[in-house]
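Undergrad: got a predicted structure here, sequence first:
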Amino acid sequence: MLLFLAATTVFAQEHLEFKSLGFAMDAPKGWFKSQDSEVIKNIDNDKFSKDQMEAFLKSLNGASKFVGFYKYDPQVVQGFSPTINVALRPTKVKSFDDFKFYILHSSEKIKEVMKTYTATEPEIMNVDNTKVWVLTATYDIDLNEKEHIKMHNKIVYIYRGEYYISLFFVEQVNKEDNSVLFNEVIKSIKLTAVPLRE
């Protein structure tokens, strides 16, 4: 049985920072956190050379995330919990404009597979003088042949040259509304220059 709790609008937070990526954000306090310790260890390895960092980025699984936050304990609550996933991906594109094209192309590919996938017009935000690409979408997940639920997600894409960081905000439509909290997390994002590697 899925537990239902009212959405919290008070933004108490846990600070998350990765200096090697020039990235920081505040996550909701009290949410359940999971992380890939091996990926985080490599991200924070300031002894990595540029070549070693490149090799590490290439090794990342396309479906992996390195930090996830869940509103409810996934070991206790069945069903879909409002979620914030932070992921790191390598990219070969050379500019922000090329990156926008890459994201839009990926979105079109998703539509081919998920017929109910509908995305709004993407927007560009400016975070610490860095352009950030934001995409909002809804889609259905089939529970069985007759039942489905509608999901809503907002994805924040942060282009950083040879890689990008993405934040996925996901929740079930008409179950509860965490949009205020999600927007507060987005507003908390801080971006600094990425340290140079030899």
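TA: Noted; the coordinates are in hand. Numbering: from 1, shown residues only.

Undergrad: need the nearest residue in space to Ala137, chain neighbours excluded.
TA: Using C-beta to C-beta, 6 or more residues apart in numbering and skipping residues adjacent in sequence, the residue nearest Ala137 is Ala119, 4.1 Å away. Glycine gets a C-beta too; all of them are placed from N, C-alpha and C.

Undergrad: can you classify Ile40 by secondary structure?
TA: The assignment at Ile40 comes out as helix when based on DSSP: H, G, I helix; E, B strand; the rest coil.

Undergrad: repeat for Asn183
TA: helix.

Undergrad: against Val132, how distant is it?
TA: Relative to Val132, Asn183 is positioned 13 Å away (C-beta to C-beta, to the nearest Å).

Undergrad: where are the low-confidence patches of this structure?
TA: 1-13, 61-64, 195-198 (pLDDT under 70).

Undergrad: the same query, at a cut-off of 80, please.
TA: For the chain, applying pLDDT under 80 flags the ranges 1-13, 38, 42-50, 52-54, 57-65, 78-79, 143-146, 194-198.

Undergrad: confirm that His105 sits in a strand.
TA: No: under three-state DSSP, His105 falls outside any strand and is assigned helix.

Undergrad: next, count neighbours for it.
TA: Neighbourhood size, His105 [other C-beta atoms under 10 Å]: 9.

Undergrad: and it, how far from Leu88?
TA: For His105 relative to Leu88 (C-beta to C-beta), the value is 20 Å.

Undergrad: now the nearest residue to Asp44 once chain neighbours are set aside: phi and psi?
TA: Closest residue in space to Asp44, ignoring its immediate chain neighbours: Ser20 at 5.8 Å, by C-beta to C-beta, 6+ apart. Backbone torsions for Ser20, taken as degrees, to the nearest 10, come to phi -70, psi -20.

Undergrad: which residues does Ser20 contact?
TA: Going by C-beta atoms under 8 Å, 6 or more residues apart in numbering, Ser20 touches 43-46, 194-195.

Undergrad: which stretch of helix or strand covers the one residue sitting closest to the centre of the chain?
TA: The chain has Leu167 as the residue nearest its centroid, 1.6 Å off, counting by C-alpha atoms, centre = their mean. Taking DSSP states H and E as the criterion, Leu167 maps to strand 163-172.

Undergrad: before we move on, back to that, more crowded one of Asn183 and Val132?
TA: Per other C-beta under 10 Å, whichever of Asn183 and Val132 has more neighbours is Val132, with 20 against 13.
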